[in-house]
Structures are given as structure tokens and as C-alpha cells.
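Trainee: Quick one, structure for this:
(4 chains)
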There are 2 protein chains.
Amino acid sequence: MSTTSIFVKNTGTKEKILKASTALFSELGYKGASVRKIAAQVGIRESALYNHFKNKEEIFLEVAKGIFSSPFSIDSSQIKELAERGKPFIQKFTMQYKMLTFDKNNEKMFRLLMIELLQNKELREQFMSEFHEKNIKVLSEGFFIMMQNSLIRSHDPMMLSYEFLSTLFYMRLQVTLLRFDSLSADSLSTQFEKHVDFFWESIKM
Amino acid sequence: MSTTSIFVKNTGTKEKILKASTALFSELGYKGASVRKIAAQVGIRESALYNHFKNKEEIFLEVAKGIFSSPFSIDSSQIKELAERGKPFIQKFTMQYKMLTFDKNNEKMFRLLMIELLQNKELREQFMSEFHEKNIKVLSEGFFIMMQNSLIRSHDPMMLSYEFLSTLFYMRLQVTLLRFDSLSADSLSTQFEKHVDFFWESIKM
DNA sequence: GTCTATAGAACGATAGAC
DNA sequence: GTCTATCGTTCTATAGAC
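Mentor: Now for the predicted structure:
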């Protein structure tokens, strides 16, 4: 069944290239994923790639856009609402973090991020702002509200956020490493909930 | 001034190669640190490298040996002694972890580890056993003793260790990233102590 | 938009003179 | 043990025919 769209153009080679590139970059890194390998996986010649992208760097940048494109779907009003109930706030946050951790596409992106983290300054800066500071900010807001409502003991919200987030990150890294070698990450799956329980017991009034 | 040793041999080129390789591998990764660049930094020709090492891989393996060669200087008897006093155990552990984090040579090794973590299966396995499981084991022993002595509340020692270690790792990663871009990691320096304090308050009886 | 053909550079590694 | 010279491979990228 072909679409009846007027814009038929061709077989969407550009999308194929991006998909193949994502897979290869996230397995072999920028240097390891050669233009040859990408073209071969798409099923075309190297030269044909250059009809769709200016150069290899441009392909990478297009792929890399996807790394930080999965923001948490917690807006300001929801933060307040959840944080006023205490534990549900960190439960919701953790559930979303866990979902990203085990999502196939996000897993690829996280792998790519970790591979290129020390090779690409821009990626490093985005990691700091999007992966770290952004999450610290959301969590801090929540903890601050909990303190105002006397749900948790008095602490520096940033410090609490750091403590809470670091374990989530470490679990995500471990899941990524295990699954990269096709090992089971089942035992880590329940650890997300254990983390929430332990942390909540540590801070609650 | 030349040494009077009978074994003069030469100018220790092998050591120079290893030093230059360490610097380059930990900045550019395995692929990025070419044999040419290594030779250039040492001040010899590529071909001369092969008088000291069979190939590039052999140089890398020699360098990589250093990654996991800084074991914690806490032996079994010391674990018991410190853990029976409670907080001093995690203080000592954290101080050693912090020392490694800020040590120039260990910083290079950690950088190399993170760069190649997803590209090198053997490194990944060593990371899991030497960086993760080994630390979890030492910490678990300590927490178990604390529980026996009713110094801390009852919990799964492994879970406690995981919670405690993950934050240390995250701080180390952040320090490494900041310093790689010549940024200050001063604000993170005090965070190690804050982590110990917060964690101890969370678990103590 | 795809192909063949090829350029030009960088790569790891070796042979052989000194 | 170091050098020069060179090999064969792989890389990104371009020119031009179809």
C-alpha cells in the first residue's frame, strides 16, 4: 500500500541513514562508525550519503540531537502537586528515570553519550546541563516544597537532590553496561524501588 | 650527572613511551592516540616504537594495567576495627576514594577507563569487578559489622553499599569531567564529607 | 539520487641501512 | 636502538556518468 501523498519523493533514505548511524555510533563511537560502515548498513555507496548530508560530522550532530530530547514530563504545577504529597514525587521521578533507562532507543542514546562524553566538549556541557543540573533543579524544587510542608527533615535541597540523583545515574550506567553485553539487568530493575524506599525513610519526618 | 650503574643500557625510552601513551590514550582514546602521535610526543620515529612493543595493542595493555592498580589500603582486620566504631569506617573509605579522585595519575586512568568503557569488553568486566563488586564487598563487610554491633539500623548490607558507593562514583565522574575542561571542582571537594554525614545520619541507630 | 572511480590523507606496521 | 623509506589498508570526500 503506497500513501496517496503528493510528496512521494523517494524511499526515505535520509531516515535510513540516521537509523543506521544511530546504531553504529552508539556501538562503535564516532571514529569507529566509518562512513563506509554506515553506507553499507543502509545498502548504498558512501558517495550517495553525501546527497543527504554535507559530511560525517553533520550526520553525527543530527543523531546527537536525540540524546537530550527526552525531557521529563513533569511540569511545574505537577511538581508542586506531587511534592505536597511527599513520597509520590520521588516515586514518579524515579519511575520516569527507570523508563528511560530501559527504553531501547534511549538506551542507544545514553550509550552514545557515555562513549563520546570525554571526546566531545559540547556533549560534556550538555550532559552537565541537561542530565545533571536540570534534574537537580526539578528535584530541589520538590524537596523544598516537602520541607515547607514539614514532610521531610530540614536539609539543603540541592544536597538531597544530588544524593538522590547519583544513585539513579549509577544504576542507569550499570544497566547500560550489562545490556551492552547482552547480560540480564533484572536484578537492577527492583533496585530503583528499593532506592526510593530507602531514601524516603532517610529523609521523612 | 650520569649514574654509575653498570646497567646503563639507554635513556629509558620504554618508560617515556608509556608515559606519553598514558597521556594520549587518556585524552584521545585508543583510536585517537595514533602510533604517530605517540612517537612524536616521545621524540622518536614510529618504527622505533616497535623495538619496545610488539604493536599498539601491547602498549595499550601495558598502560591499561595501571587502571585497576590502586586498591584501597583497607585490609580485613582494618575493616573490622573501623567498622566497630561506625562512622570512621565510611569516613576512611570516602577519604581514600576522594584521594584517588583528585590524584593526577589516577585521574588519567579513570578518564581512560571511562573513554574505553563501552569500546572494550575486558575493561567493562574489570570495571564491574574491580570498581563495583570489590568496593561493594568491602562496604558490605563494614555495614554488616555495624549491624551486629547495633550501630546502624537493620538493612541489606549490599543495598546500603550500593547507595553509598553510587554517590561517590557520580562525584568522581563529575570531578573528572570538570577538570578535563580545566574547570574548578572545588565545590565538589566538600561534597564528599557532606555525603558521609548525610548517609551516616540516615543509617545510624 | 545512485553509481564507479579516484583523490589525498592518516593509519599500523615492516625492511634494511647505520 | 634509531633512522629513512615504503607498503598495504582504511579513511573522508569529490567528480562525473547514468
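Trainee: so what's residue A:177 closest to, chain neighbours aside?
Mentor: residue B:124 (5.7 Å; C-beta to C-beta, 6 or more residues apart in numbering or on different chains). Where C-beta positions appear, they are placed from N, C-alpha and C, glycine not excepted.
Trainee: swap that for residue A:184, please
Mentor: Going by C-beta to C-beta, 6+ apart, residue A:184 has residue A:178 as its nearest residue, at 6.9 Å.
Trainee: Please give the element, helix or strand, for the one you found.
Mentor: helix A:157-180 (DSSP states H and E).
Trainee: State the mean pLDDT of that helix.
Mentor: Averaged across helix A:157-180, the pLDDT comes to 98.
Trainee: what's the answer for stretch A:108-121, then?
Mentor: For stretch A:108-121, the per-residue pLDDT averages 98.
Trainee: in it, what counts as buried?
Mentor: Residues A:108-120 are the ones in stretch A:108-121 that count as buried (16 or more other C-beta atoms under 10 Å in any protein chain shown).
Trainee: returning to what we had before: the residue nearest to residue A:177 and residue B:114 touch, don't they?
Mentor: No. In terms of C-beta atoms under 8 Å, residue B:124 does not count as a neighbour of residue B:114; the distance is 11.3 Å.
Trainee: Could I get the pLDDT score of the residue nearest to residue A:177?
Mentor: With respect to pLDDT, residue B:124 has a value of 98.
Trainee: ok, now which ones touch it?
Mentor: Taking C-beta atoms under 8 Å, 6 or more residues apart in numbering or on different chains as the criterion, residue B:124 is in contact with A:177, A:180, A:181, B:117, B:118.
Trainee: In terms of helix, strand or coil, where does it fall?
Mentor: Assigned with DSSP: H, G, I helix; E, B strand; the rest coil, residue B:124 falls in the helix class.
Trainee: State the distance from it to DNA strand D.
Mentor: For residue B:124, the distance to DNA strand D (C-beta to the nearest atom of the strand, to the nearest Å) stands at 22 Å.
Trainee: Next: residue A:115.
Mentor: 15 Å.
Trainee: tell me the contacts of that residue?
Mentor: So residue A:115 contacts A:25, A:26, A:29, A:30, B:118, B:119 (C-beta under 8 Å, 6+ apart).
Trainee: ok, now with 6 Å
Mentor: A:29, B:118 (C-beta atoms under 6 Å, 6 or more residues apart in numbering or on different chains).
Trainee: what is the orientation angle of the helix or strand harbouring it with helix B:104-116?
Mentor: Residue A:115 belongs to helix A:104-116 when assigned by DSSP H and E. Orientation check (axes from the mean of the first three to the mean of the last three C-alpha atoms, to 10 degrees): helix A:104-116 against helix B:104-116 gives 140 degrees.
Trainee: Distance from the chain centre to helix A:104-116, please.
Mentor: 7 Å (C-alpha atoms, centre = their mean, to the nearest Å).
Trainee: And for stretch A:117-131?
Mentor: 12 Å.
Trainee: Next, the distance between the ends of it.
Mentor: 12 Å (C-alpha to C-alpha, to the nearest Å).
Trainee: Spell out whether that stretch and DNA strand C are in contact.
Mentor: No. Against DNA strand C, stretch A:117-131 shows no contacts by C-beta under 7 Å from any atom of the strand, the least distance being 14.0 Å.
Trainee: Quick one: the helices in chain A, in order.
Mentor: Along chain A, counting by DSSP state H, helices occupy A:13-32, A:35-42, A:46-49, A:56-64, A:76-83, A:87-102, A:104-116, A:121-126, A:134-148, A:157-180, A:186-189, A:191-203.
Trainee: For residue B:71, find the nearest of those helices.
Mentor: Nearest of the helices of chain A to residue B:71, taken as C-beta to C-beta: helix A:157-180 at 20.6 Å.
Trainee: Show me what from chain A comes close to DNA strand D.
Mentor: Residues of chain A lying near DNA strand D (C-beta under 7 Å from any atom of the strand): A:33, A:34, A:35, A:36, A:37, A:46, A:47, A:50, A:54, A:55, A:56, A:57.
Trainee: one more time with 10 Å
Mentor: A:28, A:30-40, A:45-51, A:53-60 (C-beta under 10 Å from any atom of the strand).
Trainee: List only those of these flagged as buried.
Mentor: Judged by 16+ other C-beta under 10 Å, buried ones among those: A:28, A:30-31, A:33, A:35, A:37-39, A:49, A:53, A:56, A:59-60.
Trainee: how far does stretch A:146-165 stretch from start to finish?
Mentor: Using C-alpha to C-alpha, first and last residues of stretch A:146-165 are 17 Å apart.
Trainee: any idea how far the residue nearest to residue A:177 is from residue A:181?
Mentor: Using C-beta to C-beta, to the nearest Å, residue B:124 is found at 7 Å from residue A:181.
Trainee: so where's chain A uncertain?
Mentor: A:1-10 (pLDDT under 70).
Trainee: Got the domain ranges for it?
Mentor: Domain ranges of chain A: A:13-65, A:70-203, per automatic domain parsing.
Trainee: Looking at these, spot the one closest to residue B:171.
Mentor: Comparing the domains of chain A by C-beta to C-beta, domain A:70-203 comes nearest, at 7.2 Å.
Trainee: what does chain A put close to DNA strand C?
Mentor: A:9-14, A:16-17, A:31, A:36, A:39, A:42-52.
Trainee: now the end-to-end length of stretch A:66-83.
Mentor: OK, stretch A:66-83 end separation, C-alpha to C-alpha: 29 Å.
Trainee: List the buried residues for that stretch?
Mentor: Those would be A:67, A:68, A:70, A:72, A:74, A:79, A:82, A:83, for stretch A:66-83 by 16+ other C-beta under 10 Å.
Trainee: hang on, the first one packs against residue A:116?
Mentor: To tie it back to what came earlier, the one meant is residue A:67. No. In this structure residue A:67 lies outside contact range of residue A:116 using C-beta atoms under 6 Å: 9.2 Å.
Trainee: on that earlier part again, make CSV out of the buried residues of stretch A:108-121 and add distance to residue B:164.
Mentor: Listed next are the buried residues of stretch A:108-121 as CSV, based on distance: C-beta to C-beta, whole Å:
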residue, distance to residue B:164
A:108, 30
A:109, 29
A:110, 24
A:111, 26
A:112, 29
A:113, 25
A:114, 23
A:115, 28
A:116, 29
A:117, 24
A:118, 25
A:119, 30
A:120, 31
